[in-house]
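Participant: Sequence and predicted model, in that order:
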Amino acid sequence: MSAKLITLTTDFGLRDGYVAAMKGAILSCSPELVLIDVTHEIPPGEIAAAAYVLRQATAFFPAGTLHLVVVDPGVGSERRGVACQCGPQLYVAPDNGVLSAVLESEASLRAHVISRPALWRKGPSPVFHGRDIFGPVAAHLASGGALEDVGEAIDPATLIRTPWPEPHAQGDTWTGAVIYVDHFGNLVTNLALEPGLLLLGSVEIAGRAVALARTYSDVANGELIALRGSSGLLEIACNGGNAAEMLGAEPGHVITFRAQRRS
Amino acid sequence: MSAKLITLTTDFGLRDGYVAAMKGAILSCSPELVLIDVTHEIPPGEIAAAAYVLRQATAFFPAGTLHLVVVDPGVGSERRGVACQCGPQLYVAPDNGVLSAVLESEASLRAHVISRPALWRKGPSPVFHGRDIFGPVAAHLASGGALEDVGEAIDPATLIRTPWPEPHAQGDTWTGAVIYVDHFGNLVTNLALEPGLLLLGSVEIAGRAVALARTYSDVANGELIALRGSSGLLEIACNGGNAAEMLGAEPGHVITFRAQRRS
Amino acid sequence: MSAKLITLTTDFGLRDGYVAAMKGAILSCSPELVLIDVTHEIPPGEIAAAAYVLRQATAFFPAGTLHLVVVDPGVGSERRGVACQCGPQLYVAPDNGVLSAVLESEASLRAHVISRPALWRKGPSPVFHGRDIFGPVAAHLASGGALEDVGEAIDPATLIRTPWPEPHAQGDTWTGAVIYVDHFGNLVTNLALEPGLLLLGSVEIAGRAVALARTYSDVANGELIALRGSSGLLEIACNGGNAAEMLGAEPGHVITFRAQRRS
């Protein structure tokens, strides 16, 4: 039988024992689970960054993988914890928008609130639900437990969603925005490069016109390039360099371009 | 049967190949072992930080987990290497105080010195006992080997312990100290918030009076809060912010408060 | 049966979802594989650093381990991807020199170009071969697939190698160089301390004469020391300190010393 997988995405950082305590709590429930880190370097409380990173990563895991997400600035407050089945993937997370980008890309969606303490560690800390509530719940679901076990079903339409803004068009002039800056300084934008969209000419950002190409080395070292990133979104990169530093750009920075919908 | 677990705590950092070399050495002994990182970001040689992080993490692992700790500024010197059974957990570490906070919390304790080279890699490097001595010894114990196999029993009272100072009281006025600053800038103190202790009023730190509450979001964004952290110790935090930066506080910083022992 | 291991070495960093996406792609091919990180903190595109780190780490893994290396500034260009059997270890990597230090240390070597798309993800992204090509190919080989399956055999002599320069001698005066600075600030040099080589006196670096000893604590705290590092290369370190900061040294920095070949 296949391994049963849990991935972990948090803002805990790696230098304290928090991630390990959560892993220990999970393995104490179900020692046979395999744990894979997505990242623990989400900036503290940055829900939008976590949402984007999940979109980059979770779709590539085997069906039935459980993705545990603990970016939870409202821990211990009235915010809900939720468990969702979204297509072939399972998620356990606070209901604070962190699942926005993975929920939007899936039609089949079931959600349950995490409300039944029987699965939790006894006397859960109000400041560490990852270890005491979400972790054990994730272990239960990843081991084959039913969504019904964690709490009552809720209407998926009530899940908090904070999607990034869509690009908008006036005639064939489009305006988009940077939504994420990655480790390499690549600027990921909100423009999904779908087959039906034809870009005309270059992308304008920070007063620069950046030509579209296929991969980094299509331009000389140190040159800017616009390309279809590995998540299907338009990215501005610099071959052998750091586009974010070169352009002084960060999330929210505007891009403009000309494009037409193909008929 | 359950997976056999080894956790790893070092100051090696993650950018070189040291952690991987140690993992390779372990898996070369016992390929079926499951390895879980606690952290590799202990500041170089900072034994007190490692001791605190272990206390945060190891108790949450299944019984029989082996915790391998290599924060070892005295590597290759006369300092002892030790293997300890402490309650349901096993430890392999240099005898330099790094186990202080996990040993103090357990009554049942057996210790053996690591002295029998038969388990080690041949020709161990005097600068990398983690890979050549501690790793293989940990693999042996985690796979079910006996403590007796690694070397002779020693009196646990001879293990080096460097506990953090206890808070002290004059009447109902107490003085404590910050012992650790975490990734979020939360200031962990040496005050264990036990049921028998009643805090009166607020906690004073850096000229500020900080009110006690239950979780971060009990105060407004940007406000300081004192709370019972997830390890049971009093922490000073900032909702949505970084208390250490706000207060300019670091380990050793004094806190004062009023408290009474409940009768 | 033993676990089937893949190690991962990249310059992706840990804060985005790239490493996880690659792991998901691997586990989607072969869910039973065990994944071990070497590092994801190779500075972007720094092939020489990756080559050194692999040399530190891969030899310690069990025979049959597959080492997946994605430091790939030329992704999507005409550079080849290769799969190599080198002694008991397997490698999948771009053919850009990243394997220089592991190939040079092994005589028995077979290499195949990665050219048969049947193993790849459909529609591979030209900017993420790690996820879409190298990862699935690595999964196939680690699961017992044959090198022949990934593409045609190539002459190992055609693999790109960018070894670090050898130290050179004039009489008994030798000149070497720092090739790597590790997390602790230890300066790793290109001098392999083999039994046949006798160092005479101290090592000169940055105008300082550094005495040779066995381990860090052989000198006082804060003192420099030259020693045989855990990879068999001469290192300049500082007991309890950071030699790179103390000396302002980085890769390329020259060392001189006197030595004789033993007859």
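Facilitator: Cool, the structure landed. Residues are numbered from 1 along each chain as shown, chains lettered A, B, ... in the order given.

Participant: which parts of the stretch 51-200 of chain A sit against chain B?
Facilitator: Neighbours of chain B within the stretch 51-200 of chain A, by C-beta under 8 Å from any C-beta of the partner chain: A:73-77, A:125-128, A:131-132. C-beta here means a position set from N, CA and C on the backbone, and glycine is covered the same way.

Participant: Kindly indicate which of those lies nearest chain C.
Facilitator: Set against chain C, the nearest of those by C-beta to the nearest C-beta is residue A:73 (18.0 Å).

Participant: Confirm that that closest one sits in a helix.
Facilitator: No. Going by DSSP: H, G, I helix; E, B strand; the rest coil, the assignment for residue A:73 is coil, not a helix.

Participant: Just give the closest residue to it, not the sequence neighbours.
Facilitator: residue A:45 (3.9 Å; C-beta to C-beta, 6 or more residues apart in numbering or on different chains).

Participant: again with residue A:65
Facilitator: Per C-beta to C-beta, 6+ apart, closest to residue A:65 is residue A:5, 4.4 Å.

Participant: Run a quick check on the one you found versus residue C:27, I expect a contact.
Facilitator: Yes. Residue A:5 is in contact with residue C:27 according to C-beta atoms under 8 Å; the separation is 6.7 Å.

Participant: Looking at those two, which is more packed in?
Facilitator: For residue A:5 and residue C:27, the more surrounded residue by other C-beta atoms under 10 Å in any protein chain shown is residue C:27, and the numbers stand at 25 against 21.

Participant: The strand or helix carrying the more buried one vs chain B: in contact?
Facilitator: Under the criterion of DSSP states H and E, residue C:27 resides in helix C:18-29. No. Helix C:18-29 stays clear of chain B (C-beta under 8 Å from any C-beta), getting no nearer than 11.6 Å.

Participant: roughly how far is that helix from the heart of the chain?
Facilitator: Between the centre of helix C:18-29 and the centre of its host chain there is 22 Å, according to C-alpha atoms, centre = their mean, to the nearest Å.

Participant: what helices or strands is whichever helix or strand comes after that helix leaning on?
Facilitator: For helix C:18-29, the succeeding helix or strand toward the C-terminus, using DSSP H and E, is strand C:34-39. Here strand C:34-39 touches helix B:18-29, strand C:5-10, helix C:18-29, helix C:47-57, going by 3 or more C-beta pairs under 8 Å, 6 or more residues apart in numbering or on different chains; DSSP states H and E.

Participant: and strand C:34-39, which strands flank it?
Facilitator: Strand C:34-39 has the following strand partners under DSSP bridges: strand C:5-10 (parallel).

Participant: CA atoms of the partner strand as CSV?
Facilitator: The C-alpha trace of strand C:5-10 is given here as CSV (Å, rounded to 0.1, in the frame of the first residue of the first chain):
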residue,chain,number,x,y,z
LEU,C,5,16.5,6.6,-1.1
ILE,C,6,16.7,9.9,-3.0
THR,C,7,18.7,12.8,-1.7
LEU,C,8,18.0,16.3,-3.0
THR,C,9,20.4,19.1,-3.6
THR,C,10,19.1,22.4,-5.0
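
Participant: before we move on, back to that, same list, the helices and strands packed on strand C:34-39, but as JSON lines with distance to residue C:238 please.
Facilitator: What follows is these, written out as JSON lines (distance: least, C-beta to C-beta, whole Å):
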{"stretch": "helix B:18-29", "distance to residue C:238": "17"}
{"stretch": "strand C:5-10", "distance to residue C:238": "27"}
{"stretch": "helix C:18-29", "distance to residue C:238": "32"}
{"stretch": "helix C:47-57", "distance to residue C:238": "20"}
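
Participant: Include mean pLDDT and distance to residue A:234 when you put those into JSON lines, please.
Facilitator: Below are the helices and strands packed on strand C:34-39 laid out as JSON lines (pLDDT from 0 to 100; distance: least, C-beta to C-beta, whole Å):
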{"stretch": "helix B:18-29", "mean pLDDT": "98", "distance to residue A:234": "36"}
{"stretch": "strand C:5-10", "mean pLDDT": "98", "distance to residue A:234": "24"}
{"stretch": "helix C:18-29", "mean pLDDT": "98", "distance to residue A:234": "17"}
{"stretch": "helix C:47-57", "mean pLDDT": "96", "distance to residue A:234": "28"}
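
Participant: Tell me which of these lies nearest to residue A:209.
Facilitator: For the helices and strands packed on strand C:34-39, proximity to residue A:209 was assessed by C-beta to C-beta; helix C:18-29 is nearest, at 28.0 Å.

Participant: I would like the residues contacting that closest one, please.
Facilitator: The contact list for helix C:18-29, computed with C-beta atoms under 8 Å, 6 or more residues apart in numbering or on different chains, reads A:3, A:5, A:7, A:36-39, A:56-62, A:65, A:182-183, A:230, C:6, C:8, C:10, C:12, C:33, C:35, C:37, C:40, C:68, C:70, C:121, C:128, C:130-132, C:135-136, C:138-140, C:143.
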